[in-house]
Each structure stands twice: as C-alpha cells, then as structure tokens.
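1. A structural model of the following input is requested.
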Amino acid sequence: MFNNCCKCGSHNEYLEPTEFSVHLTAEAEGDGVPNSASKASNEQPPSSPRSLDEMQNPTGASEWQPPLEHRAVLEADRYRKEAATKLLGAFRQMVDAEILSAEAKPVLATQLETRHFCSDDTLLRYLMYCNGDKQKALASLQATVQWRAEFLQGKGIITSSEGERSKKSCQHCMKDPRSHCFLNVGTDVAGHHVIYSCAGSAVNKKPLDGCKHMALELERLFDGNSSPGRVVWLINMAGVGIADCNPRTPLMALPMFFNHYPERFAQIVVWGMPAIFHGMYTMIWNFIDQDTKSRVLIQRSEAERMRYAEAYWSSNAEMAAWLNAARRLKGAPADYPDISLSRQLGDKDTRITLERCAALKTK
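-> Residues are numbered from 1 along each chain as shown. Have a look, this model is predicted:
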C-alpha cells in the first residue's frame with residue numbers, strides 16, 4: 001500500500017465497484033477458501049458477531065450494510081478477492097514448486113512455520129496485493145518468508161513451546177505491561193478485529209521494539225499470519241507528545257505492514273489530530289497510496305465517533321463500553337478504562353495485560 005511495493009513493484013489501484021447495492025459481507029474469521037488455515041485460537045466475547053459464513057447463510061442471517069461512504073472500499077475488497085480466488089490453484093502450484101519444495105531435509109522448525117504461513121488464505125492476500133500478477137505475488141511472498149525468518153526471531157522476542165507450535169511474545173511487555181499499547185479489544189459487526197492503540201499510554205518509544213510488538217500481535221490474532229480476516233486499527237491520539245513523533249517509526253512500520261501483512265487493514269480510525277502530530281501525518285500521507293487513504297477515517301468530533309460506534313460496534317456491547325470509556329482518557333502510561341470493563345473483553349491475552357497494568361496503578 002505504498003505507492004509502489006518495495007519488493008515487487010506492484011501498484012494497488014483503487015477499484016471502483018460497479019454497484020453498491022449487493023449484499024456486502026466483510027471478511028471475517030472463517031471467510032477462507034478450501035484447505036485454508038485453521039482459525040486463530042482466541043476467546044470471543046459473549047456478544048461477538050457471527051462469522052461471515054453464518055452471515056451468508058440464507059436460512060436466517062440478517063443483512064448488514066456499512067455506512068454509505070464506506071461501501072465502495074469494502075465492495076472493492078470483495079471483488080478483488082473473487083478475482084484472486086480464480087488464480088489460486090495456479091499460484092499454489094508456483095508456491096509449492098518455488099518456495100516449499102526447496103526446503104532442506106529433515107524439515108526444520110522454521111520450515112514448518114513457513115508451510116503453515118503459506119496457507120491458501122495467505123496466497124489470496126498476496127494475489128490481491130499484487131493485483132493478480134502471480135510472478136510479482138511470488139516475489140513478494142518469497143521476500144516475506146525471508147523477512148519472517150529474520151525479524152520474528154532474536155532480540156526482543158521470547159519464544160515458548162505451545163503444543164506442536166511455538167508462541168512468540170514481546171519481551172518488553174513480559175517485563176512491563178505498560179511498554180506498548182496495541183490491544184485486540186474485540187470484533188466489530190463486520191467481523192474485523194478491533195485493535196486499540198494509544199502512543200501516549202506506551203512507555204517504550206523505540207521504533208523497532210514497537211514494530212516487533214505490533215507484528216507479534218498480528219501473528220497471534222491470525223495464527224502465524226496464516227488465517228483469514230482483517231483488523232480495524234483504532235488510534236487514540238490522546239497524550240501524544242514529541243517522543244511519539246519519531247519519523248523512524250512510520251518509516252519502519254509502514255513497509256512492514258504493507259509488504260508483510262498485506263490486506264490486513266480494513267480501516268484505520270484516528271481519534272483526533274493534535275497539532276504536534278501534523279508534520280508526521282503529512283509525511284505518512286505522502287507515502288501511502290489512494291487505496292490506503294480511502295481506509296483512513298479521522299474522527300475529530302464526538303458526533304463522528306458516536307455515528308461510527310453505532311454503525312460498527314452494535315454487535316459487541318462489551319467492546320463498545322470499553323471503547324466509549326477509552327475516548328475520555330488522557331493517554332497517560334497504562335491509562336485504560338476501569339478494570340471492571342476490561343474484564344468483560346473477550347480476548348484472554350488482552351485481559352491479562354490490562355489486569356497487570358491495573359495492578360501497577362494501584363501500587
């Protein structure tokens with residue numbers, strides 16, 4: 001979603017859909033193709049919405065439509081996925097021949113992770129990102145496989161065994177839960193994970209540490225980045241200071257997201273835009289393409305936030321209550337809604353982090 005992909009030179013043109021009135025079904029867990037990776041193991045909140053498969057079931061699923069101004073983007077995603085699905089079989093053969101068949105024997109743990117990562121859902125995302133160009137998608141995927149072997153190892157990451165798979169965690173957050181703020185707080189009515197972040201609430205301001213933490217959270221949510229789904233990234237600008245305006249952060253984070261986690265971001269919702277961040281915002285805006293710009297929603301007023309909440313959070317009362325409380329926070333370290341609200345969230349790992357933060361505030 002840079003103007004040009006760093007690895008394959010592809011350009012993601014914004015696709016204008018031919019009609020807006022069809023039944024819109026945004027991507028959600030379970031919206032895969034045959035032989036896709038299994039769903040990420042994550043507790044869902046009691047009021048979480050149905051999966052896409054259930055929403056498409058003609059035996060009683062209700063139809064959901066996003067606000068009119070958002071339909072073009074979500075419709076375009078659906079059309080692009082349909083086009084990519086037609087190319088999946090041929091692309092799978094290329095990946096098996098060029099990436100997976102070259103693995104050494106005996107198979108190492110990193111190679112098993114690569115096989116898991118190269119699910120049909122992953123291949124679809126790279127085909128979508130490269131506009132159906134199979135050679136560019138293959139080059140892009142190969143670069144990501146190499147990046148994963150290097151970036152998701154070593155300093156700042158703790159690897160522990162979890163059955164047959166390994167679990168990777170942020171070393172800094174294991175020591176201090178206030179280090180970063182990039183929390184999965186629930187699932188919206190479209191089936192997207194909602195990730196809440198607030199730079200003012202994070203005490204670790206190092207760009208590389210922050211990028212590793214965000215990557216690890218996406219890995220956790222999407223089962224090693226192999227399962228289907230997208231996220232809504234909700235950015236609370238409260239408490240943003242000069243330490244949060246390091247230009248190295250977007251220069252590291254944007255290539256990572258767009259090259260190695262393509263097609264993961266459904267929307268980027270920004271609460272407010274403080275004057276101190278205008279320069280950084282301008283720099284970021286000049287890097288991203290039109291498709292990404294169409295996904296950025298800057299909400300400066302309470303009315304805008306409430307309208308969005310009514311459109312997308314009605315299916316998840318626990319998440320809505322938590323985020324409504326978060327809107328009133330000042331963005332200080334470990335500044336989160338009351339722990340009684342946090343305990344109602346459906347993600348176990350997020351609840352543990354918030355419990356640890358609450359315990360530190362009481363000391």
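
2. which residue packs closest to the residue nearest the centre of the chain, ignoring adjacent ones?
-> A centroid search over the chain (C-alpha atoms, centre = their mean) returns Val231, at 3.9 Å, as the residue closest to the centre. With C-beta to C-beta, 6 or more residues apart in numbering as the criterion, Val231 has its nearest non-adjacent residue at 4.5 Å, and that residue is His193. Yep, even glycine has a C-beta here, placed from its N, CA and C like the rest.

3. just Thr144 next, same as before
-> Nearest non-adjacent residue to Thr144 (C-beta to C-beta, 6+ apart): His260, at 4.8 Å.

4. To what extent is the one you found buried, counted in neighbours?
-> Applying other C-beta atoms under 10 Å, we find 22 residues neighbouring His260.

5. For Asn184, what are phi and psi?
-> In terms of degrees, to the nearest 10, the main-chain angles of Asn184 are phi -80, psi 110.

6. What confidence value was assigned to it?
-> pLDDT recorded at Asn184 is 98.

7. who does it bridge with?
-> Ile195 (DSSP bridges).

8. ok, it to Met319 distance?
-> Distance, Asn184 to Met319, using C-beta to C-beta, to the nearest Å: 10 Å.

9. Next, the nearest residue to Ile339 once chain neighbours are set aside: phi, psi?
-> Leaving aside its sequence neighbours, Ile339 sits nearest to Ala358 (C-beta to C-beta, 6+ apart; 4.3 Å). Dihedral pair for Ala358: phi -60, psi -40, per degrees, to the nearest 10.

10. was I right about the residue nearest to the centre of the chain contacting Leu221?
-> Yes. The pair Val231 / Leu221 is scored as a contact, 7.2 Å apart, by C-beta atoms under 8 Å.

11. what sits in contact with each of these two?
-> His193 (C-beta atoms under 8 Å, 6 or more residues apart in numbering).

12. Show me the shaky parts of the stretch 201-350 of the chain.
-> Nowhere does the stretch 201-350 of the chain drop to pLDDT under 70.

13. picking up where we left off before, now the common contact residues for Asn184 and Met319.
-> Common neighbours of Asn184 and Met319, using C-beta under 8 Å, 6+ apart, are Val194.

14. For the two, work out which one has more neighbours and name it.
-> Ranked by neighbour count (other C-beta under 10 Å), Asn184 and Met319 place Met319 first, with 27 against 22.

15. could you measure the closest residue to that one other than its chain neighbours against Val232, distance?
-> Of all residues not flanking Met319 in the chain, Gly186 sits nearest, at 3.1 Å (C-beta to C-beta, 6+ apart). From Gly186 across to Val232, the span is 10 Å (C-beta to C-beta).

16. which of the two has more neighbours?
-> Comparing Gly186 with Val232 by other C-beta under 10 Å, the one with more neighbours is Gly186, at 29 against 21.

17. ok now do the more buried one, which residues does it touch?
-> Per C-beta under 8 Å, 6+ apart, neighbours of Gly186: 45, 48, 193-194, 316, 318-319, 322, 345-347.
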